[in-house]
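Undergrad: What follows is a predicted structure for the sequence shown.
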Amino acid sequence: MPLSRDEVRHVALLARLGLEPGDEEIYAESLSGILQHIDRLQELNTDAIPPTAQVVEVAATLREDEPAPCLTQEEALANAPAAVDGFFRVPSIQEET
Amino acid sequence: MDPTHLTISEIRHLLDERELSAQEILGLHLERIEAADADVKAYLRLSTARAAEQAQAADRALREGTAGPLAGIPMAVKDVLCVKGIETTAGSKILAGFKPPYTCTAVQRLFDAGAVMLGVTNCDEFAMGSSTENSGYFPTHNPWSLDRVPGGSSGGSAAAVAAGEAVFSLGTDTGGSIRQPAALCGVIGMKPTYGRVSRYGLIAFASSLDQIGPFTRSVEDCALILQTMAGHDPLDSTCADRPNDVTRGLHDGVDKMRLGVPREYFEVEGMEPGVRLAIQKALNTLEAAGAELVDVSLPHTDYGLAAYYIIAPAECSSNLARFDGVRFGMSEQDAQNITEAYTKTRRKGFGAEVRRRVMLGTYALSSGYYDAYYLKAQKVRTLIKQDFDNAFAHCDAIVSGTSPTVAFPIGSRTQDPLSMYLCDVLTLGGNLAGLPGISVPCGMSEGLPVGLQVLAPQWREDTALRVARAYEVASDMRVEVALVD
């Protein structure tokens, strides 16, 4: 089933990917082509087949929760595009009332 | 012989005999990089200062008799493995300038064994690709034919070893990204069992598939690097706590071993006759060495690519959500609100293939489509794993080609994503089933290297390595360095 332009816009917003002129056409065409190949999965009857959630059988490996040195605030912020007063700076997420 | 053509054990011999120092070995490799990398473009950036310190330390350790097994051995690291203080970008513009505050476990263990890091190698952006053409920086060229791709996504690491620009290197394999470039560049490359090597400090692509592994010039070197990196790490809960015995029986040969030949792997779309012929010859060599070849079937092979291209993009769309322009990397600050800051940053920072896969994965996971795509793909993954379980009931290891084709011309597959995805049709089953797999060079077709793949049951790296070693001995194979005047 080919993707519509509306679906492309919806998915792009979910993925937080901006759309530039031409992008909708490119995604609609190339994703539809890939999905057409993927549709062959529907040929298989998998009603009685469990999904693979974990490919190797490994017991959860837990460790003691012991205090140990970690990154300093300076190290944690060293790659931040914008930092203020020891915090990451982000655009406002609430409208002013 | 030129020291940049040697294996780890051969270089170690030179070091132990004091014929060359670690600093001299380093210098020869930097000279080789200077001479060859303008053409090959295997490296994104060199870590010369770090390498000089490590080589100096190796020389000291050699003098004092405290040298680790990799003392003074020059290596290259794929640009998805974090090394403290060395710019690591996953081949992406969105991480330009990122200097990790810590070192990944796999690399740290090699450092602890004495290895010398030459630099960071090129790859497809976030390891998504089969040709290294999706790098956000530049394509890498195949040392055997500069107008062709080295394969991918770990193309820079494979090309570096093939061109004598590193003795060994590290890659990551999510659908074939170590084995396929190893095949196309004529070197050895191995993907371990899912859970064998810690992924702490690996920039994640698809977390249920990714594994770190080596590129080397001999099977013995491959076993040594894997043994050094492998084993439980408290920093990665997916890394298994179990015996680390990958070198067991390495030299025992294949006499009386049963090697499964999956008929479906010889009939895949686009299989080149020259590749099929080289593989057939390799199978004959193994048979002459005492192995018994048995026909096995992997009946869901035709569905592997479709399942993979739901599971891997779905996981990548989730993993790549962290690239939001807030904590690291590129950031478009000129935005009216936070959503616009995210969408602008990610549109600008990610390349076309990464955006395509994030879109595909987001779609497959979105409300109303999850059952039809992601759940379905995970069920088909179970069928594919059962195929391998059934096959391994009749054989010790599975042998096939690694790639259906030899290295293809740069630009020849970039317009059609499916044709690029088909490069991994013989390797991605191993990832879906969590198996260890190795590719060893097995001759040439059209003047370009062909790779023989050996897949083994989970945790049986020893079996895959043993078959590979037996082939290396029986065929008198020696990995050659390309691009030599």
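TA: Looks like it arrived, so ask away.
Undergrad: show me the contacts for B:K379.
TA: By C-beta atoms under 8 Å, 6 or more residues apart in numbering or on different chains, the contact set of B:K379 is A:T46, A:I49, A:P50, A:P51, A:T52. C-betas here are computed from N, CA, C, even on glycine.
Undergrad: Now tabulate these in CSV and tack on neighbour count and secondary structure.
TA: Below are those laid out as CSV (neighbours: other C-beta atoms under 10 Å in any protein chain shown; DSSP: H, G, I helix; E, B strand; the rest coil):
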residue, neighbour count, secondary structure
A:T46, 17, coil
A:I49, 16, coil
A:P50, 9, coil
A:P51, 14, coil
A:T52, 22, coil
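Undergrad: what stretches of chain A score poorly on pLDDT?
TA: A:1, A:59, A:95-97 (pLDDT under 70).
Undergrad: Scan it for its longest helix.
TA: helix A:23-38 (DSSP state H).
Undergrad: which helices and strands sit right next to that helix?
TA: Counting contacts by 3 or more C-beta pairs under 8 Å, 6 or more residues apart in numbering or on different chains; DSSP states H and E, helix A:23-38 is packed against helix A:5-14, helix B:301-319, helix B:352-365, helix B:417-421.
Undergrad: measure the spatially most central residue of chain A to B:S297 for me?
TA: Geometric centre of chain A, nearest residue: A:A15, 6.6 Å, by C-alpha atoms, centre = their mean. A:A15 sits 39 Å away from B:S297, going by C-beta to C-beta, to the nearest Å.
Undergrad: can you list contacts of stretch B:288-295?
TA: B:253-261, B:263, B:283, B:286-287, B:394-395, B:467, B:470-471, B:473-474.
Undergrad: measure A:A80 to A:Q73 for me?
TA: Distance from A:A80 to A:Q73, counting by C-beta to C-beta: 11 Å.
Undergrad: For the two, indicate the residue with more neighbours.
TA: A:A80 (17 against 10; other C-beta atoms under 10 Å in any protein chain shown).
Undergrad: Pretty sure that one sits against A:F88.
TA: Yes - with contact defined as C-beta atoms under 8 Å, A:A80 reaches A:F88; the gap is 5.3 Å.
Undergrad: got any residues that touch both of the two?
TA: Joint contacts of A:A80 and A:F88 (C-beta under 8 Å, 6+ apart) are B:V326, B:R327.
Undergrad: Quick one: classify B:P214 as helix, strand or coil.
TA: The three-state label given to B:P214 by DSSP: H, G, I helix; E, B strand; the rest coil is strand.
Undergrad: what's the closest non-adjacent residue to it?
TA: Leaving aside its chain neighbours, B:P214 sits nearest to B:I225 (3.9 Å; criterion: C-beta to C-beta, 6 or more residues apart in numbering or on different chains).
Undergrad: give me the number of residues near that neighbour?
TA: 29.
Undergrad: Identify the residues contacting it.
TA: Here B:I225 is in contact with B:I8, B:L70, B:L110, B:F168, B:P214, B:T216 (C-beta under 8 Å, 6+ apart).
Undergrad: burial measure for B:E353, as a count.
TA: Around B:E353 there are 19 residues (other C-beta under 10 Å).
Undergrad: What residues does it make contact with?
TA: Taking C-beta under 8 Å, 6+ apart, we find B:E353 in contact with B:D124, B:E125, B:M128, B:G129, B:N134, B:P417.
Undergrad: How confident is the prediction for it, by pLDDT?
TA: B:E353 carries a pLDDT score of 97 in this model.
Undergrad: Can you tell me the closest non-neighbouring residue to it?
TA: That would be B:N134: by C-beta to C-beta, 6+ apart, it lies 4.5 Å from B:E353.
Undergrad: distance of that neighbour from chain A?
TA: Relative to chain A, B:N134 is positioned 14 Å away (C-beta to the nearest C-beta, to the nearest Å).
Undergrad: same check, this time on B:T228
TA: 20 Å.
Undergrad: cool, and B:D241?
TA: For B:D241 relative to chain A (C-beta to the nearest C-beta), the value is 5 Å.
Undergrad: Is it correct that that residue is in contact with B:D233?
TA: No - counting by C-beta under 8 Å, B:D241 does not reach B:D233; the two are 9.2 Å apart.
Undergrad: higher neighbour count, these two?
TA: Shown here are B:D241 and B:D233; by other C-beta under 10 Å, B:D233 has more neighbours (24 against 15).
Undergrad: Look at the nearest residue to B:P404 once chain neighbours are set aside and tell me its secondary structure.
TA: Nearest non-adjacent residue to B:P404, counting by C-beta to C-beta, 6+ apart: B:M271, 4.4 Å away. Recorded secondary structure, B:M271: coil (three-state DSSP).
Undergrad: The strand or helix carrying B:Q453 and chain A in contact?
TA: Element membership for B:Q453 (DSSP states H and E) is strand B:448-455. No - against chain A, strand B:448-455 shows no contacts by C-beta under 8 Å from any C-beta of the partner chain, the least distance being 14.0 Å.
Undergrad: could you point out which element follows that strand?
TA: For strand B:448-455, the succeeding helix or strand toward the C-terminus, using DSSP H and E, is helix B:461-474.
Undergrad: Go ahead and measure how far that next one is from the middle of the chain.
TA: 18 Å (C-alpha atoms, centre = their mean, to the nearest Å).
Undergrad: Output the contacting helices and strands for it.
TA: The contact analysis (3+ C-beta pairs under 8 Å, 6+ apart) places helix B:461-474 against strand B:188-191, helix B:219-229, helix B:273-288, strand B:397-401, strand B:437-445, strand B:448-455.
Undergrad: Now for the residue lying closest to B:N337 once chain neighbours are set aside: which residues touch it?
TA: Using C-beta to C-beta, 6+ apart and skipping the chain neighbours, the partner closest in space to B:N337 is A:P91 (5.9 Å). Neighbouring residues of A:P91 by C-beta under 8 Å, 6+ apart: B:Q333, B:A335, B:Q336, B:N337, B:I338, B:E340, B:A341.
Undergrad: now these: which count as buried?
TA: Buried by 16 or more other C-beta atoms under 10 Å in any protein chain shown: B:A335, B:I338, B:A341, out of the contacts of A:P91.
Undergrad: Give me the buried positions along the worst-scoring helix or strand of chain B on mean pLDDT.
TA: When the helices and strands of chain B are scored by mean pLDDT, DSSP states H and E, helix B:417-421 comes last with a mean of 92. Going by neighbour count (16+ other C-beta under 10 Å), the buried part of helix B:417-421 is B:P417, B:M420, B:Y421.
Undergrad: does chain A sit close to that helix?
TA: Yes - using C-beta under 8 Å from any C-beta, we find that helix B:417-421 touches chain A at B:P417, B:L418, B:Y421.
Undergrad: picking that back up, from the contacts of A:P91, pick the one nearest B:R327.
TA: Using C-beta to C-beta, B:A341 is the member of the contacts of A:P91 that sits closest to B:R327, with 12.8 Å.
Undergrad: what about that closest one, distance to chain A?
TA: To chain A, B:A341 is 5 Å away according to C-beta to the nearest C-beta.
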